[in-house]
Structure formats: C-alpha cells, structure tokens
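Novice: pasting a predicted model and its sequence here:
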Amino acid sequence: MTGRPQTYNGPLEAGVRAVAVLTAIFPQALDLHWLTMLDYLLTHTGELGGPENIHPPSPIQAPATEVRRKLVQKALMLMMTRDLVTREVSANGIRYAAGDSAVPFLDGLRSPYMVAIKERAVWLAEHLGEFSNAKLDAFASTSFDRWVAEFQAIEQSLGGDA
C-alpha cells in the first residue's frame, strides 16, 4: 500500500513494540521467531487471559507470522540505528536485546496507547518469560488451529468453499 500510512504495520510502530518487549525482559535477548510472535501478542494479550486487547477484534485473528516476520526484521534494523536494540550473534543464532537508549526513549513516550503497550510488555515478560521455544511453538500451533477454524467459518459465511 504505497502512499498510505501504516500505523500498525510500519517498521517504526513494530520497532517501538519490539523495544518495549525487549526492555521489559532485559537483560534477556530474543530471536526473531519470538519477537515476531510477541509483536502480535503484545496487542492481543486478552487471548492469553491477560489485560484487555489494545487493538479491537477483527473477524480474522490470525497473526500471519510469516508476513510479520519481515516487518519485525526491518523494525529491528531501524531500532538498531538509534541504539534502541542491539544484536547478539552466537553459536545459538542471532538474538536481540534492548539497547542503551531503550529506557530513556520509552520513558519519553507517554500517550495512553504507549502506556498500555509498556504495561502489556511487562505483563508478557512475566507471563511468557519462562517459555521455551518449544512451548512458544506449541502455543502458536494451538492458536493457529483455532485461527484456521475461525477463518474457515468466516469464509463459509461469506459463501466460500471450505
């Protein structure tokens, strides 16, 4: 969508969400797989039994992680240029952590939306902080099955084949 603002789906917005999550779990670092999933869950904490979703429900709840992964990757690169995110490369892969400027940056963001993002990032860190990649994958798989069923129900109601 060229020429249209992408408030939720732009690299800046996804980057700010990543900075909030990485700050909440600091000094822990996360890989792109985790950050992609958490980008969706940060605004949909109600699906985990947490605080009310920040974004309103839509007919299709699927996070489309395959599509979001590229966006989150661009967002992380943008945030790295401002020392808001750091990249750690090891034998276990590439992980990202909050940079030195992350806390002062987030402290300056005080809109009701950003306060809600920061609160939910802390909640997510507490709720999912001990999850392994295997547990995250199991959660994603369970949720994916539910999202596929939702999509098929919507498609049928619109007269499509399922």
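Specialist: Noted; the coordinates are in hand.

Novice: give me the secondary structure label for V89.
Specialist: strand (DSSP: H, G, I helix; E, B strand; the rest coil).

Novice: how about the secondary structure of A121?
Specialist: helix.

Novice: now do the contacts for it.
Specialist: Contact analysis of A121 by Cβ atoms under 8 Å, 6 or more residues apart in numbering lists R17, A20, V21, T23, A24, L42. No exception for glycine: its C-beta is placed from N, CA and C like everyone else's.

Novice: C-terminal to the helix or strand E13 falls within, what's the next element?
Specialist: Using DSSP states H and E, E13 maps to helix 11-25. Next helix or strand after helix 11-25 toward the C-terminus (DSSP H and E): helix 32-41.

Novice: and that following helix, what does it pack onto?
Specialist: helix 11-25, helix 65-80, strand 93-98, helix 112-128, helix 133-157 (3 or more Cβ pairs under 8 Å, 6 or more residues apart in numbering; DSSP states H and E).

Novice: buried sites along that helix?
Specialist: Buried residues in helix 32-41, counted by 16 or more other Cβ atoms under 10 Å: L32, H33, W34, L35, T36, M37, L38, D39, Y40, L41.

Novice: possible to save these as TSV with pLDDT and distance to L48?
Specialist: Listed next are those as TSV, based on pLDDT from 0 to 100; distance: Cβ to Cβ, whole Å:
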residue	pLDDT	distance to L48
L32	92	21
H33	86	17
W34	87	14
L35	92	16
T36	88	16
M37	84	11
L38	88	11
D39	88	14
Y40	83	11
L41	86	7
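
Novice: so where's the protein uncertain?
Specialist: 1-8, 57-67, 129-137, 139-162 (pLDDT under 70).

Novice: change it to 90
Specialist: By pLDDT under 90, the low-scoring segments of the chain are 1-10, 28, 33-34, 36-41, 43-50, 53-70, 90, 92, 127-162.
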